[in-house]
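Student: Predicted model, plus sequence, below.
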Amino acid sequence: MINKSALNIITEFLKPFHTSLIAVTKAHPVEVLQEAYDFGLNVFGENKVQELVAKAEVLPKDIQWHLIGHLQSNKVKYIAPFIHMIHSVDSFKLLQEINKEAKKNDRIIRCLLQVYIANEDTKFGLDQKELLAILTHPELEQLEHIQIKGLMGMATNTNDKAQIRKEFHGLRELFHTLSRTITKKNIQWSEISMGMTSDYEIAAEEGSTMVRIGSAIFGSR
């Protein structure tokens, strides 16, 4: 069962910031997702390809599916026919694979580049040198079936709100710097994906355009 009161509080908080909500549905059964859909949610985020594909097969076809977990190149083909956005791109090789599978499906797939902003070894993501290497790669504009929409980041898992704010602020500043300096036909600087249940308020205040919230809506798994 979804927490409707919490969902209403979150959506009301996000409105002034024009921040969209991605309901993180990993490990929750399709019956709960259907309830969320019936309540008005249709943007869902999943961490694992296998689970995402299985749910997409049985749930309404107008749901926008976001892949927010680490993605292996050999799994891209399973989500390429329908995925709305991939948040976790962390290599040029992965972009090439997404482009290849998108071309097979006559699609352009939206992508975010995942940036490492946390003070934790368990998080994935690009450092700034690796990020710039992708954005300035001489073959990037040849990838006509992907569109880079912006950046994604995950803050440190800490109760130190000042540190979280600093990490989100840094990602926003990086986004603005890149949007002013890098212009390519398959890049459209429009999205900053940052913020989860524990820190979505700070993320919205720091310029997040989409937050990824699961436990506040669906409870702990």
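Tutor: All right, it came through fine.

Student: All the strands of this structure, in order from the start?
Tutor: When assigned using DSSP state E, the strands of the chain occupy the ranges 20-24, 43-46, 64-67, 85-89, 109-115, 146-153, 187-193, 210-213.

Student: how about those strands in JSON lines, adding mean pLDDT?
Tutor: Shown next, in JSON lines, are those (pLDDT from 0 to 100):
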{"stretch": "strand 20-24", "mean pLDDT": "98"}
{"stretch": "strand 43-46", "mean pLDDT": "98"}
{"stretch": "strand 64-67", "mean pLDDT": "98"}
{"stretch": "strand 85-89", "mean pLDDT": "97"}
{"stretch": "strand 109-115", "mean pLDDT": "98"}
{"stretch": "strand 146-153", "mean pLDDT": "98"}
{"stretch": "strand 187-193", "mean pLDDT": "98"}
{"stretch": "strand 210-213", "mean pLDDT": "98"}
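
Student: got those strands as CSV, with distance to residue 32 and mean neighbour count columns?
Tutor: Every residue, glycine included, has its C-beta placed from N, CA and C. Formatted as CSV, the entries for those read as follows, by distance: least, Cβ to Cβ, whole Å; neighbours: other Cβ atoms under 10 Å:
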stretch, distance to residue 32, mean neighbour count
strand 20-24, 10, 22
strand 43-46, 11, 23
strand 64-67, 16, 22
strand 85-89, 22, 24
strand 109-115, 26, 25
strand 146-153, 25, 24
strand 187-193, 23, 20
strand 210-213, 14, 24
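
Student: Residue 164: which of those is closest?
Tutor: Residue 164 sits nearest to strand 146-153 of all these, at 10.9 Å, using Cβ to Cβ.

Student: I'd like to know which elements that closest one is packed against.
Tutor: Strand 146-153 makes packing contacts with strand 85-89, helix 92-104, strand 109-115, helix 161-181, strand 187-193 when contacts are defined by 3 or more Cβ pairs under 8 Å, 6 or more residues apart in numbering; DSSP states H and E.

Student: Tabulate the CA atom coordinates of it in PDB.
Tutor: Output of strand 146-153 as PDB, limited to C-alpha atoms (Å, rounded to 0.1, in the frame of the first residue of the first chain):
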ATOM      1  CA  ILE A 146      21.200   9.100 -27.800                       C
ATOM      2  CA  GLN A 147      20.600  12.400 -26.300                       C
ATOM      3  CA  ILE A 148      22.400  13.500 -23.200                       C
ATOM      4  CA  LYS A 149      19.900  15.500 -21.100                       C
ATOM      5  CA  GLY A 150      22.100  16.300 -18.100                       C
ATOM      6  CA  LEU A 151      23.700  14.900 -15.000                       C
ATOM      7  CA  MET A 152      22.800  12.500 -12.100                       C
ATOM      8  CA  GLY A 153      24.400  12.300  -8.700                       C
END
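
Student: And the contacts of that strand?
Tutor: The contact list for strand 146-153, computed with Cβ atoms under 8 Å, 6 or more residues apart in numbering, reads 68, 85, 87-89, 95, 98-99, 102, 108-118, 125, 135, 167-168, 171, 174-175, 178, 186-194, 209.
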